[in-house]
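J.: I'd like to go over a predicted model; first the sequence, then the structure.
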Amino acid sequence: MNIRSFFSTPTQIPPWVKELKVKSPYMKKIRVDDCICHGKLVDHNRIRDRILTEIERDYCTESTAQFPDRVSKLDWTKGHDLTRPWVKIFFPNFDITIKNFIKGLGYNHYVIDAIWYQQYLEGDTHGWHTHGQAYTGVYYLEFPDKSSRTELYSPFNFKKHIIKAKEGDLIMFPSHWIHRGPGNPSKRKTIVSFNFEVHHGSYYGT
């Protein structure tokens, strides 16, 4: 396998970006401040190996072996089940971390929608896509040197952002931002992805 074929050079722009950069005659864009939140998961080193052990034990029948995506192992279809063994280990630390993140954004409550893991072997890739809900995020559970980095495009000016993450980092960003996991040139990498809503003020939910 020619791993280099999975990567774009720094000067290449995806065709969909070239098409969307044409100005619309029906609207104008107004710049507003937005952000990508980037920090560390609380006590990553204490729970890392326990989570990976449970993921190793997980019997996975899901597949994304289709162009342009290929993720070797994932449990996306179980994303609403918070009783999975690895989620029970992860969630208390995630809860502390996310509450700290959203407080800094002016929110006081969040509701998790889905949470799942994805394992990338050499050459695996996840193409350009968006998520549902208000925010999505990534926890870099297992992230060897030279692992492929998350890439995002701003909907305002289609400027690409490359997340300079390290193992143990957690990021969150608006779910409508188009993003991808480029072809992975390294040993196995494992991430946890999640979608959630945020609220300010009184929240009358279930």
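T.: Happy to help now that I have it. Residues are numbered from 1 along each chain as shown.
J.: ok, then the element right after the helix or strand of the chain with the lowest mean pLDDT?
T.: Sorting the helices and strands of the chain by mean pLDDT, DSSP states H and E puts helix 15-20 at the bottom, at a mean of 72. Using DSSP states H and E, the helix or strand that follows helix 15-20 towards the C-terminus is strand 37-40.
J.: who are the packing partners of the least confident helix or strand of the chain?
T.: Where contact means 3 or more Cβ pairs under 8 Å, 6 or more residues apart in numbering; DSSP states H and E, helix 15-20 is not packed against any helix or strand. (Glycine included, C-beta is placed from N, CA and C.)
J.: for it, list the C-alpha coordinates in PDB.
T.: Presented in PDB, the C-alpha positions along helix 15-20 are these (Å, rounded to 0.1, in the frame of the first residue of the first chain):
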ATOM      1  CA  PRO A  15     -12.500  20.400  -4.700                       C
ATOM      2  CA  TRP A  16     -15.600  21.100  -2.500                       C
ATOM      3  CA  VAL A  17     -13.800  24.100  -0.900                       C
ATOM      4  CA  LYS A  18     -13.000  25.600  -4.300                       C
ATOM      5  CA  GLU A  19     -16.700  25.300  -5.300                       C
ATOM      6  CA  LEU A  20     -18.000  26.700  -2.000                       C
END
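J.: ok, and what's touching that helix?
T.: For helix 15-20, contacts defined as Cβ atoms under 8 Å, 6 or more residues apart in numbering pick out 128, 153, 158.
J.: surely residue 164 touches residue 150?
T.: No: between residue 164 and residue 150 there is no contact under Cβ atoms under 8 Å: 9.7 Å.
J.: of these two, who's got more company?
T.: Between residue 164 and residue 150, residue 150 has the larger neighbour count (other Cβ atoms under 10 Å), namely 22 against 9.
J.: just give me the neighbour total for the closest residue to the more buried one other than its chain neighbours.
T.: Closest residue to residue 150 apart from its sequence neighbours, by Cβ to Cβ, 6 or more residues apart in numbering: residue 163 at 4.4 Å. Counted with other Cβ under 10 Å, the neighbours of residue 163 add up to 16.
J.: list the buried residues for the lengthiest helix in the chain?
T.: The longest helix of the chain (DSSP state H) is helix 85-103. Within helix 85-103, the residues that count as buried by 16 or more other Cβ atoms under 10 Å are 86-87, 89-90, 93-94, 97-98, 101-102.
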